[in-house]
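Asks: sequence below, structure please.
(7 chains)
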Amino acid sequence: MKIRPLHDRVLVERIDEEETTAGGIIIPDTAKEKPQEGRVVAVGKGRVTEDGSVTKLDVKAGDRVLFGKYGGADVTLDGNDYLILREDDILAIVG
Amino acid sequence: MKIRPLHDRVLVERIDEEETTAGGIIIPDTAKEKPQEGRVVAVGKGRVTEDGSVTKLDVKAGDRVLFGKYGGADVTLDGNDYLILREDDILAIVG
Amino acid sequence: MKIRPLHDRVLVERIDEEETTAGGIIIPDTAKEKPQEGRVVAVGKGRVTEDGSVTKLDVKAGDRVLFGKYGGADVTLDGNDYLILREDDILAIVG
Amino acid sequence: MKIRPLHDRVLVERIDEEETTAGGIIIPDTAKEKPQEGRVVAVGKGRVTEDGSVTKLDVKAGDRVLFGKYGGADVTLDGNDYLILREDDILAIVG
Amino acid sequence: MKIRPLHDRVLVERIDEEETTAGGIIIPDTAKEKPQEGRVVAVGKGRVTEDGSVTKLDVKAGDRVLFGKYGGADVTLDGNDYLILREDDILAIVG
Amino acid sequence: MKIRPLHDRVLVERIDEEETTAGGIIIPDTAKEKPQEGRVVAVGKGRVTEDGSVTKLDVKAGDRVLFGKYGGADVTLDGNDYLILREDDILAIVG
Amino acid sequence: MKIRPLHDRVLVERIDEEETTAGGIIIPDTAKEKPQEGRVVAVGKGRVTEDGSVTKLDVKAGDRVLFGKYGGADVTLDGNDYLILREDDILAIVG
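Replies: As a prediction, the model looks like this:
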């Protein structure tokens, strides 16, 4: 089964915290928003602009990304945790 | 009787949870927004842009879709549950 | 006496629930927004775009429509209940 | 003394409820927003668009109009009640 | 000393209520927003549009204007009360 | 050390109230927003418009300005109080 | 490991307060928003405009910047504190 995100949405597989720590990024326990890590599994065709044209996304399948803790929708598929979010909710590409 | 959604709205028939589980997607019980599944029954002509032209929708009748739990309006027609929502509330096409 | 809606507004005559049930649409009693039915009596000239041109509406007099429960303004004229709402508040055309 | 509304604003003289009832429109006592009636006395030159051009208004002096209960600013001039509101707050032209 | 309002802002000298009453406009004591009167002392060069061009204002020094009770910033200069507000907060020109 | 404001931001040195009073502007103690005075020390290159071009600011270093009490960020440099705010938060140029 | 900010986002390494004080900027303890200092480590490709083109950022790696206390997301990498924020949240370039 495949999930094809719509427009500017991105399907991200969460990376569990152990892997995160191993990768060198330690997220401190503060009151501020803490980004989380994941790997892009699939991306939409692009953002639909006001005049109907499509702007391709910058992230692509395979990218390891940081994203905000809040936002997006959780999906569990075949026992793995995924998140569907808009590309604008992705803060950075890691690695 | 037919329901023709207006502009960028989409008519979606809900897929009950048993079918969802059978399809392999298990939605965990968390505090986050959990997408729900449905099948597109009809779509509007497209989004009316600021200059009056029309941008066709990406989803089409027959598509199996994931959408947010909140948003849209419920309608019951001939004993089936439908939802009318905007295309932008659809997260992804499944399958 | 005639009511001519302005711009993108639409004058809708409510259809009472008995007729609704007869027509096959049963609206369940849930916490979600439940669309209501009506028949379009008159429509405005169209939406005035930013550059001053006018985009004609898609609904026309005679259309049977579904619209959200909240929004619009009630008017009673000659004993009938009407609603004035924006075309964007109309979810779908029925029939 | 004259009041010239600015841009897309409209000066409306309220029509008291007795006249309203005589005209055939009875506004029921519900929780919904109930439009009120008035007669347009003066209109602004038009809405100033983003590029600085002016889009003329659709209502004109003499029009009998329905408008929302909330919005606009009351002015009393020579013992009559007026309202200054934006054209977009006018729902329909009556008669 | 001179105050030159920036962009679409306008410097208005308040007219005290006695003068207002003499001029024929009596503002009733209701819960609605009651416009106040003043005389334009100076205007900005105009509204800066998105593309960087400038749209001149419609009001000019000397205009007697009605404006909303809330909004703008009070300044006292040489014992007189002034208000700096945006032109869009001005409802109408009087006289 | 130099502070170069970004885009449409402006660096303003506060003028203390004694100087303000000497200059003839007395700000009354009311509940309304009271503008404060300062002198522009540095300005950004201009506002970046949607299409990527830059619109230069109207205020320049040396201008004495009025600005709203709320908004902007305080910085103390070499014992003087500065404020970094957007040009749109500046109400007027004084003098 | 590298963090590449997306679009108009900027990766900033925080500068601790001791260094800040040494540099001459003392931030007073008031209720107002107090900017903080950091050094830009990496910047995104630029802001994606509505028509899909890209506007390059003004800040570049190495710039010492002031930014608001609130906003952005904290990341700790190899024991250093970073912040990912949008360029528009940067108030000024220092030095």
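
Asks: just the CA coordinates for stretch A:66-84, please, in CSV.
Replies: Only the C-alpha atoms of stretch A:66-84 are listed here, as CSV (Å, rounded to 0.1, in the frame of the first residue of the first chain):
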residue,chain,number,x,y,z
LEU,A,66,13.9,18.2,11.1
PHE,A,67,10.4,19.3,11.7
GLY,A,68,8.4,21.0,14.5
LYS,A,69,6.8,19.0,17.2
TYR,A,70,3.4,20.3,16.6
GLY,A,71,1.6,20.1,13.2
GLY,A,72,0.9,17.4,10.8
ALA,A,73,-1.1,14.2,11.2
ASP,A,74,0.1,10.8,12.5
VAL,A,75,-0.5,7.6,10.5
THR,A,76,0.6,4.1,11.4
LEU,A,77,1.2,1.8,8.4
ASP,A,78,2.5,-1.7,8.7
GLY,A,79,3.7,-1.0,12.2
ASN,A,80,5.7,2.1,11.4
ASP,A,81,4.9,5.7,12.5
TYR,A,82,4.5,8.2,9.8
LEU,A,83,3.6,11.9,9.7
ILE,A,84,2.0,13.8,6.9
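
Asks: run the chain-centre distance for it.
Replies: Computed by CA atoms, centre = their mean, to the nearest Å, the separation of stretch A:66-84 from the middle of its chain amounts to 8 Å.

Asks: got the buried residues for that stretch?
Replies: A:Leu66, A:Phe67, A:Gly68, A:Gly72, A:Ala73, A:Asp74, A:Val75, A:Leu77, A:Asp81, A:Tyr82, A:Leu83, A:Ile84 (16 or more other CB atoms under 10 Å in any protein chain shown). All C-beta spots, glycine's among them, are computed from the backbone N, C-alpha and C.

Asks: which residue, other than its chain neighbours, is closest to the fourth one?
Replies: Excluding its sequence neighbours, the residue lying closest to A:Gly72 (CB to CB, 6 or more residues apart in numbering or on different chains) is A:Leu85, at 3.3 Å.

Asks: so what pairs up with the one you found in the strands?
Replies: The bridge-partner assignment for A:Leu85, based on DSSP bridges, gives A:Val10.

Asks: for B:Asn80, see how far away A:Met1 is.
Replies: Here the distance between A:Met1 and B:Asn80 works out to 24 Å (CB to CB, to the nearest Å).

Asks: contact partners for the spatially closest residue to A:Val65 that is not a sequence neighbour?
Replies: In space, not counting the residues next to it along the chain, A:Val65 is nearest to A:Ile90; the distance is 5.0 Å by CB to CB, 6+ apart. The contact partners of A:Ile90, by CB atoms under 8 Å, 6 or more residues apart in numbering or on different chains, come to A:Val10, A:Val59, A:Val65, A:Leu66, A:Phe67, G:Leu6.

Asks: of all those, which two lie farthest apart?
Replies: A:Val10 and A:Leu66 (12.6 Å; CB to CB).

Asks: point me to the residue of chain A nearest chain D.
Replies: In chain A, the residue found nearest to chain D is A:Glu50; the distance is 13.5 Å by CB to the nearest CB.

Asks: A:Asp81 sits in which helix or strand?
Replies: strand A:80-86 (DSSP states H and E).

Asks: relative to strand G:80-86, how tilted is the very next helix or strand once past that strand?
Replies: Once the chain leaves strand A:80-86, the next helix or strand it forms, by DSSP H and E, is strand A:90-94. With axes from the mean of the first three to the mean of the last three CA atoms, to 10 degrees as the basis, strand A:90-94 and strand G:80-86 are set at 130 degrees to each other.

Asks: what mean pLDDT does strand A:90-94 have?
Replies: Across strand A:90-94, the average pLDDT comes to 95.

Asks: A:Leu83 contacts A:Val12, correct?
Replies: Yes - in terms of CB atoms under 8 Å, A:Leu83 counts as a neighbour of A:Val12; the distance is 4.7 Å.

Asks: hey, what's in contact with both of those two?
Replies: Taking CB under 8 Å, 6+ apart as the contact definition, A:Leu83 and A:Val12 share the neighbouring residues A:Gly38, A:Phe67, A:Gly72.

Asks: what residues does the second one make contact with?
Replies: By that I understand A:Phe67. Residues in contact with A:Phe67, defined by CB under 8 Å, 6+ apart, are A:Val12, A:Pro35, A:Gln36, A:Glu37, A:Gly38, A:Leu83, A:Leu85, A:Asp89, A:Ile90, A:Leu91.

Asks: is stretch A:49-60 in proximity to chain C?
Replies: No - in this structure, stretch A:49-60 remains apart from chain C according to CB under 8 Å from any CB of the partner chain; the gap is never smaller than 10.8 Å.

Asks: where does chain A have low pLDDT?
Replies: Within chain A, the ranges that satisfy pLDDT under 70 run A:17-34.

Asks: ranges for the strands of it?
Replies: For chain A, the strands defined by DSSP state E occupy A:3-5, A:9-14, A:25-26, A:36-43, A:47-48, A:54-55, A:64-67, A:73-77, A:80-86, A:90-94.

Asks: C-alpha coordinates for stretch A:40-55, PDB please?
Replies: Provided in PDB are the C-alpha atoms of stretch A:40-55 (Å, rounded to 0.1, in the frame of the first residue of the first chain):
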ATOM      1  CA  VAL A  40      11.000  11.600   3.800                       C
ATOM      2  CA  VAL A  41       9.200   8.700   2.200                       C
ATOM      3  CA  ALA A  42       7.100  10.500  -0.400                       C
ATOM      4  CA  VAL A  43       6.300  14.000  -1.500                       C
ATOM      5  CA  GLY A  44       3.400  15.700  -3.200                       C
ATOM      6  CA  LYS A  45       3.500  17.100  -6.800                       C
ATOM      7  CA  GLY A  46       4.100  20.600  -5.400                       C
ATOM      8  CA  ARG A  47       2.300  23.600  -4.100                       C
ATOM      9  CA  VAL A  48      -0.500  24.900  -6.300                       C
ATOM     10  CA  THR A  49       0.000  28.600  -6.800                       C
ATOM     11  CA  GLU A  50      -2.800  31.100  -7.100                       C
ATOM     12  CA  ASP A  51      -2.800  31.000 -10.900                       C
ATOM     13  CA  GLY A  52      -3.000  27.200 -10.900                       C
ATOM     14  CA  SER A  53       0.600  26.400 -11.700                       C
ATOM     15  CA  VAL A  54       2.600  24.000  -9.500                       C
ATOM     16  CA  THR A  55       5.800  24.700  -7.600                       C
END
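
Asks: hmm, who's touching that stretch?
Replies: Counting contacts by CB under 8 Å, 6+ apart, the residues outside stretch A:40-55 that touch it are A:2-13, A:56-57, A:59-65, A:82, A:87, B:47, B:49-51, B:53, B:55, B:58, G:48, G:50-52.

Asks: quick one: buried ones out of those residues?
Replies: Taking 16+ other CB under 10 Å as the criterion, what is buried in the contacts of stretch A:40-55 is A:3-12, A:57, A:59, A:63-65, A:82, A:87, B:47, B:49, B:55, B:58, G:48.

Asks: that older thread, now for the strand holding A:Asp81, which elements pack on it?
Replies: Secondary structure elements in contact with strand A:80-86, counted by 3 or more CB pairs under 8 Å, 6 or more residues apart in numbering or on different chains; DSSP states H and E, are strand A:3-5, strand A:9-14, strand A:73-77.

Asks: next, format these as TSV and append distance to F:Ala42.
Replies: As requested, the helices and strands packed on strand A:80-86 are exported to TSV (distance: least, CB to CB, whole Å):
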stretch	distance to F:Ala42
strand A:3-5	44
strand A:9-14	40
strand A:73-77	45
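
Asks: need the contact list for the spatially most central residue of chain A.
Replies: Ranked by distance to the mean C-alpha position of chain A (CA atoms, centre = their mean), the top residue is A:Val12 at 4.2 Å. The contact partners of A:Val12, by CB under 8 Å, 6+ apart, come to A:Gly38, A:Arg39, A:Val40, A:Val41, A:Val65, A:Phe67, A:Gly72, A:Tyr82, A:Leu83, A:Ile84, A:Leu85.

Asks: look up the closest residue to A:Tyr82, ignoring the ones flanking it.
Replies: The spatial neighbour of A:Tyr82 that comes closest, neighbours along the chain excluded (CB to CB, 6+ apart), is A:Val75 at 4.6 Å.
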